[in-house]
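1. Fold the following.
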Amino acid sequence: MTALSVVAALLRDVPVQPDAETAREWARDELARPEYHRQPSLLQRVLEWLREQLDSVPSLGLPDGVALTVAVVAGVALVLGVLWFVGPVRRSRTRARTGAVVLSVDDRRTAEQLRAAADAAAAAGDWHLAVLERFRAVVRGLEERTVLDERPGRTAHEAVSAAAQRLPGLVADLRTAGDLFDDVAYGDVRADADDDRRLRELDRRVRATRPTTAAPAAGDRLVVPS
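-> Purely as a prediction, here's the structure:
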């Protein structure tokens, strides 16, 4: 049941002119239904506030039923406003938890091609695209060097976590770059020339750093007979 059904239920089911106390009681009962309390906590607080206001609805010189309807309509408008605000916030938090995909399945560009795309975007002043392509070049370069296994659809967080095991001296910079990629990809941060410069420098350092030897899996360890 949506918030708008509060008004519909009141106008459909009650007599044309219920007395004030009866109308308020029906409205409180309707708003107390459990489906209204499966919403986010902010909405629950709004509904609680609305129920409190029903106990002190001024008549404003209008019949009791009309005054109550005006109060409920105003409350519904407030509820819809909260829903409009909470929805994007919840989606934004979900996105932040999952992270953005670095290289899609159909993106087969080499690291050099990605660097060239980043350079072209930077020359055009498109720092948003330059930063994204620059980080993609870092990840693709690590795949080409077999520091990372090729895995289309990997998120920035996953790429950084895997690379950190082989490039321990660059962990902090890689994490910062991964966070920047997510923020720019989702539009939370406006990239600039300094961001592109930092990623360009990170790419240079990653290429110049010799990765540590990957730890062998437990089943691959050599057992020397005694």
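2. Can you give the domain ranges for this protein?
-> Listed by automatic domain parsing, the domain ranges of the chain are 5-98, 111-208.
3. If you average the pLDDT over the longest one, what comes out?
-> Translated: domain 111-208. Mean per-residue pLDDT for domain 111-208: 95.
4. what's the span of that domain from first residue to last?
-> Terminal residues of domain 111-208 are spaced 15 Å apart (CA to CA, to the nearest Å).
5. Which residue ranges of the chain form helices?
-> Ranges of helices in the chain, per DSSP state H, are 5-13, 20-31, 41-54, 64-98, 111-123, 127-144, 156-164, 171-185, 193-208.
6. Spit out the contact partners of Ala130.
-> 118-119, 121-122, 191, 196 (CB atoms under 8 Å, 6 or more residues apart in numbering). C-betas here are computed from N, CA, C, even on glycine.
7. so what's the backbone phi/psi at Leu167?
-> Backbone torsions for Leu167, taken as degrees, to the nearest 10, come to phi -130, psi 60.
8. That one and Pro211 touch, don't they?
-> Yes - counting by CB atoms under 8 Å, Pro211 is a contact partner of Leu167 at 5.8 Å.
9. Tell me which of those two has more neighbours.
-> When Leu167 and Pro211 are compared for neighbours, Leu167 comes out ahead with 20 against 17, by other CB atoms under 10 Å.
10. Okay, the more buried one and Leu142: tell me how far apart.
-> According to CB to CB, to the nearest Å, Leu167 stands 8 Å off from Leu142.
11. Overlap in contacts, those two.
-> Common neighbours of Leu167 and Leu142, using CB under 8 Å, 6+ apart, are Val206.
12. hmm, back to that, find residues that contact each of Leu167 and Pro211.
-> With CB under 8 Å, 6+ apart, Leu167 and Pro211 have common neighbours Val147.
13. Would you confirm that Arg115 contacts Phe135?
-> No - the criterion here is CB under 8 Å, and Arg115 misses it with Phe135 at 11.0 Å.
14. What about Thr155, how many residues nearby?
-> When neighbours are counted by other CB under 10 Å, Thr155 registers 17.
15. residues near the residue lying closest to it once chain neighbours are set aside, how many?
-> Leaving out its chain neighbours, the residue that sits closest to Thr155 by CB to CB, 6 or more residues apart in numbering is Gly99, at 3.6 Å. Residues within reach of Gly99, counting by other CB under 10 Å, total 20.
16. before we move on, what about the one 5 residues further on?
-> For Ser104, the neighbour count with other CB under 10 Å is 10.
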